[in-house]
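Colleague: Test case, fold it:
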Amino acid sequence: MTAPLPGTAPLLTLKGIVKRFPGMVANDHVNLEILPGEIHALLGENGAGKSTLVKIIYGVLQADAGELFWQGQAIHIPNPHFARHLGIGMVFQHFSLFEALSVAENISLAVEDRELRRHLKPRIIEVSRAYGLPLDPDRHVGDLSVGERQRIEIVRCLLQNPKLLIMDEPTSVLTPQEVTKLFETLRRLAGEGCAILYISHKLEEIKVLCERATIMRLGKVVAECDPRRETAQRLAELMIGTELKPPQHGRRTGGGAARLTVQNLSLVSDQQFGTNLKDISIAVAGGEILGIGGIAGNGQNELMAALSGEALAERPEAIQIDGKPVGRLGPGQRRSLGAAFVPEERNGHGAVRDMSLAENAFLSGHRPLGLAPAGLIDSSRTVGYARHVIKDFDVRTQGPGAEARSLSGGNLQKFIVGREILQRPGLLVVSQPTWGVDAGAAAAIHQALLDLAANGAAVVIISQDLDEIFGLCDRIAVIAGGRLSPARPVAEVTIEEIGLLMGGSAAAPGGGAHAATA
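Modeller: Got it, this is the predicted structure:
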C-alpha cells in the first residue's frame, strides 16, 4: 500500500458538520479530512452517525450546519448526480436498485458517458471479472441474492473511475479469497490516487487494509488512530466507549435427539435464476449450533425458504421438527411447533418498514406468545414484548411506536434477532445474523445465540462470515450449487479450506447428501 505523502493537500474536508433529526442529533460538529490515495476507515457502532455523514458527502442528505471542501474549494453537494460528477462514488449498505430491471439497466441509470453506455454490457463483464465479482448483465435484479446485488453496487461505482470511493460493508458476502482480491483492487486504486472511505464492522480487515481511522460515537468524532497499530478489541472499545467482553460459550447438551432433521430434500427454486436444492440432509441436535457457509447465490435463500416453510417440500417427512413431519406446513404452523426464523433481508422480509416495532414484534410473536387471544390483539402485551426486545438487545430507538424504517440497519437487525430469540424457540434458523452490525452488537447477538443453544435449542446459522461461524458453531457445512458439503467439526477445518469449498473448488462426494448428519 502506498501511503499519501506528508503534506498532501486533502481531497475532501468536512468542518463542523451538523445534522439533526427529530429527537436526535445524528452528526454533532463532525470534522473529517480525507487525502488522495489513502484508505481511510470510518468506524462506529450502529447509530453513531456514519451513514448520515457519508450520505451528506454523497448528496443524499444536506447538513444543517458546517462546510464541505473539495480539493480545497468550498462546495455544496445538492444530490448524488452532482457527487458523481465530482468523482465521488458510493456503495451503499442498503442497495439502491430496481428489482424489475436487469443488471445492465440498473447500472446504466448512473452512467452518463454515452460511449460507455453503448458498450456497457461487455464493460460490466470485464470489470466484474477483474474484481472477482462476476455478474451477468442480462439477469434481473429481482432474481439475485443479496450478495449478487452488492456486486452490482461495487461494479457500478468502479465503472466511473471515481476520485473518492465510499464503501459501506463491501465484504459482508464475500469469501476470504474474494476479499483478498477486492483488497488488492482497492490498494491498486489507492496507489493510483483514488481515496477510499471504508466503513466496516470487521475490525481485523480494517487493520489489514486501512492506514487511518476516524472513530465516531453518538454523532461525534471521539478518536483518530492508525488501525494497524491497534488491536481489534481496542478499536471496538473506542467505538462503544466501554470494555468489550467476548461471548462466553455455555455448557451445551449436544449429541441428543435431533430437533431439526432434513432428509434428502430437493427443491426447485421459484426464481428464474435461482439455485435448486439437491438432495440435502442435515440433523441438528438440541444444544448444538450448525453453521452453513457459502457464497451468496448458491442456494442459501432457497434453503432458508424450505426450512421456514415459505417454500414447501414435496414430502412432509423431508423436514422434521422434533420428530414431526413439517415439509408441507407453512411458517405459522412451524412457529406453533416451536421454530423461529430470521431471514437474510431485514427490510421488507424480516420487518415491514412502515410498521411500528410493536407491530413488527406482533407479526412473528403472536402465535408462540399468544398475543391475540380470541382473535383480538392484546396491545398492552404486544407493546410490552417490543419493549422487552428493545431493552434486552439495546436497540437504539425512540420506543415501540417507532417505525422500523427509522432504525439504522444494525439496530433493526438487533430488533429482529431479539424478537425471535425472546420467543425461546426450540429451533432457530438465522441467516446472516450480524450483517452490518457493529462489534458490540455482534457480540451481544452471538452471546444470545450461544445462550439459546445452551438452554437446549437447535440453532442453524447461515452466514458468509466465516469468523462468525468458526467462533460460534460446533460443526460447519458449505452450500455450493445447491449441494451441501460434509459437515465437519469446526476444530478440524481451516478457514482457507472452507473458503475453497465456498468457491466450488472441491465438491462433496455425492453432493454431501448425508454427510451433514455425521
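
Colleague: quick one: Gln320 and Arg259 touch, right?
Modeller: No: in this structure Gln320 lies outside contact range of Arg259 using Cβ atoms under 8 Å: 9.1 Å. Heads up, the C-betas are built off the backbone N, CA and C, glycines and all.

Colleague: neighbour count winner among these two?
Modeller: Looking at Gln320 and Arg259 with other Cβ atoms under 10 Å, you find the greater number of neighbours at Arg259, namely 26 against 19.

Colleague: Can you get me the start-to-end distance on stretch 114-123?
Modeller: End-to-end distance of stretch 114-123 (Cα to Cα, to the nearest Å): 13 Å.

Colleague: Tell me which residues of that stretch come out buried.
Modeller: Neighbour counts over stretch 114-123 (16 or more other Cβ atoms under 10 Å) mark 120-121, 123 as buried.

Colleague: With stretch 159-167 instead?
Modeller: Neighbour-count burial for stretch 159-167 [16+ other Cβ under 10 Å]: 159-160, 162-167.

Colleague: okay, these in CSV with distance to Arg396, secondary structure and pLDDT next?
Modeller: Listed next are these as CSV, based on distance: Cβ to Cβ, whole Å; DSSP: H, G, I helix; E, B strand; the rest coil; pLDDT from 0 to 100:
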residue, distance to Arg396, secondary structure, pLDDT
Leu159, 36, coil, 89
Gln160, 34, coil, 85
Pro162, 31, coil, 91
Lys163, 34, coil, 95
Leu164, 29, strand, 97
Leu165, 28, strand, 96
Ile166, 23, strand, 95
Met167, 23, strand, 91
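
Colleague: where exactly do the strands run in the stretch 201-350 of the chain?
Modeller: 212-217, 220-225, 258-267, 277-285, 289-293, 319-321, 324-325, 339-342 (DSSP state E, counting those that start in this stretch).

Colleague: so what secondary structure elements neighbour the longest one?
Modeller: Packing contacts for strand 258-267, counted by 3 or more Cβ pairs under 8 Å, 6 or more residues apart in numbering; DSSP states H and E, involve strand 277-285, helix 300-308, strand 319-321, strand 427-431, strand 458-462.

Colleague: unless I'm mixing things up, Val222 is touching Ile215, no?
Modeller: Yes: with contact defined as Cβ under 8 Å, Val222 reaches Ile215; the gap is 5.6 Å.

Colleague: the more surrounded of those two?
Modeller: Ile215 (23 against 15).

Colleague: Wait, that one touches Gly44, no?
Modeller: Yes: between Ile215 and Gly44 a contact is recorded at 6.2 Å, counting by Cβ under 8 Å.

Colleague: Find residues that contact each of these two.
Modeller: In terms of Cβ atoms under 8 Å, 6 or more residues apart in numbering, Ile215 and Gly44 are both contacted by the residues Met239.

Colleague: What pLDDT is listed against Arg387?
Modeller: pLDDT for Arg387: 96.

Colleague: need the contact list for it.
Modeller: Per Cβ under 8 Å, 6+ apart, neighbours of Arg387: 399-400.

Colleague: show me what contacts the residue lying closest to Ala339 once chain neighbours are set aside?
Modeller: Closest residue to Ala339 apart from its sequence neighbours, by Cβ to Cβ, 6 or more residues apart in numbering: Leu427 at 4.4 Å. By Cβ under 8 Å, 6+ apart, Leu427 lies in contact with 259-260, 284, 321-322, 338-340, 457-460.

Colleague: ok, now with 10 Å
Modeller: 259-260, 284, 286, 307, 321-322, 334-335, 337-341, 452, 457-460 (Cβ atoms under 10 Å, 6 or more residues apart in numbering).

Colleague: Next: Ala491.
Modeller: 470, 474-475.

Colleague: repeat that with 8 Å
Modeller: Ala491 neighbours (Cβ under 8 Å, 6+ apart): none.

Colleague: That one should be in a strand, yeah?
Modeller: No: going by DSSP: H, G, I helix; E, B strand; the rest coil, the assignment for Ala491 is helix, not a strand.

Colleague: re earlier: between Val222 and Ile215, which contacts overlap?
Modeller: Listed as contacting both Val222 and Ile215 by Cβ under 8 Å, 6+ apart are Leu238.

Colleague: Check whether Gly499 sits in a helix, strand or coil.
Modeller: Per three-state DSSP, Gly499 ends up helix.

Colleague: I'd like the distance between it and Val179.
Modeller: Using Cβ to Cβ, to the nearest Å, Gly499 is found at 9 Å from Val179.

Colleague: Kindly report the same for Leu422.
Modeller: 34 Å.

Colleague: Done for today, thanks.
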